[in-house]
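Chemist: just a sequence and a predicted model for now, questions to come.
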Amino acid sequence: MQIATKLNRSHLVPGEVTYLLPCLGRIEIDQQTSGPQAVSMEDSTACIHGSRGQRRPVTGNVRSEPAIIAGLAKATLKPNPKLDWDAWVADYSRVRDAIERTYPDQFRDFNRRMFDAGGFPRPLAARERKWKTPNGKANFSVPKSALAPPSEGDEIYRLMTMRADGQFNTTIYNEDDRFRGIHGSRYVVFMNPADMAAERLEQGDTVTLSTEADDGVERVMSELQVVAYDIPRRSIAGYYPECNGLIPLSHYAEGSKVPAAKSVPVRIAKDVVPEIIEAGEIPISTR
């Protein structure tokens, strides 16, 4: 189930059945009981910005995202006097007040500051080079994997999934990736040229990836076109969400439970190209 502002191709990829709940976008006027509403967002630099819609909604039947969430909550949860869903929908500033009460050190004067020029930054010690560690330095560690690490020489590759430039999160706008010189298809796998030579693969060959996991589940993805790329040996890369089916549900970070999509153990097999049948030749059935 997904709340979305516009239909896009990624709505067809994640599951066999999809429930799409259309909602207002940030450019549209969000009129609630207390008047036009403002929403807040956090950018990639951890700065909080405010936004007010400027355009009339395409229809009066589309609800806002807070209204949809509150509606689902009222329909599925028992009444709770501490949670006034209707009041939160009527005035979004009340939601931000609740956030400020919960995290006063990060969201001080939330409603007032979110329309400051450039927004306001959340306090991040690392941005100021303040390392809150026992030795006062930045510490790097290798996370433990839910899957057993491959042994040397067992022909296992590490697949990492990534997005293209014509993509925002799982929203796919086109089939191109100008960052990596890909045009017309996202069903590719990036390989180190030395690994391609070792596997007797050439640019444009297609391969099948199969996940190495001892859980009895077969995870296979075929017809991925090989692309030579400057990537470390024994590492390969593909796009998500197309490659999500290769990631075991049990393969995640220990603390956050985030899928370990940057290190999926897979095997590579070259696809067999079917022989071309000459004109007039009748194929022989082996059944």
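Modeler: Looks like it came in fine. Numbers count the residues shown, from 1 in each chain.

Chemist: model confidence at Ser151, what's the number?
Modeler: With respect to pLDDT, Ser151 scores 57.

Chemist: now do the one 3 residues further on
Modeler: The pLDDT attached to Asp154 in the predicted structure is 72.

Chemist: direction included, what does the helix or strand that contains Met160 pair up with?
Modeler: Using DSSP states H and E, the element containing Met160 is strand 157-162. Using DSSP bridges, the strands paired with strand 157-162 are strand 235-239 (parallel), strand 264-270 (antiparallel).

Chemist: comparing those strands, which comes out most buried?
Modeler: Neighbour counts (mean count of other C-beta atoms under 10 Å) averaged over each of these peak at strand 235-239, with a mean of 21. Backbone N, C-alpha and C define where each C-beta goes, glycine included.

Chemist: only alpha carbons, please: show that one as PDB.
Modeler: Extracted in PDB, the C-alpha atoms of strand 235-239 (Å, rounded to 0.1, in the frame of the first residue of the first chain):
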ATOM      1  CA  SER A 235      31.700  -6.700  -6.600                       C
ATOM      2  CA  ILE A 236      28.800  -6.000  -8.900                       C
ATOM      3  CA  ALA A 237      25.900  -3.500  -9.000                       C
ATOM      4  CA  GLY A 238      22.300  -3.400 -10.200                       C
ATOM      5  CA  TYR A 239      19.300  -1.100  -9.900                       C
END
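
Chemist: who's in contact with that strand?
Modeler: Outside of strand 235-239, the residues within contact range by C-beta atoms under 8 Å, 6 or more residues apart in numbering are 157-164, 167, 177, 186-192, 195, 209, 224, 229, 231, 266, 268.

Chemist: what of stretch 16-29?
Modeler: So stretch 16-29 is contacted by 1-7, 11-12, 30, 36, 39, 41, 51, 53-58, 62-65, 68 (C-beta under 8 Å, 6+ apart).

Chemist: can you select the buried ones among these for me in PyMOL?
Modeler: Buried residues within the contacts of stretch 16-29, by 16 or more other C-beta atoms under 10 Å, are selected in PyMOL with:
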select buried, resi 4+11+30+39+53+57+62+63+64+65+68
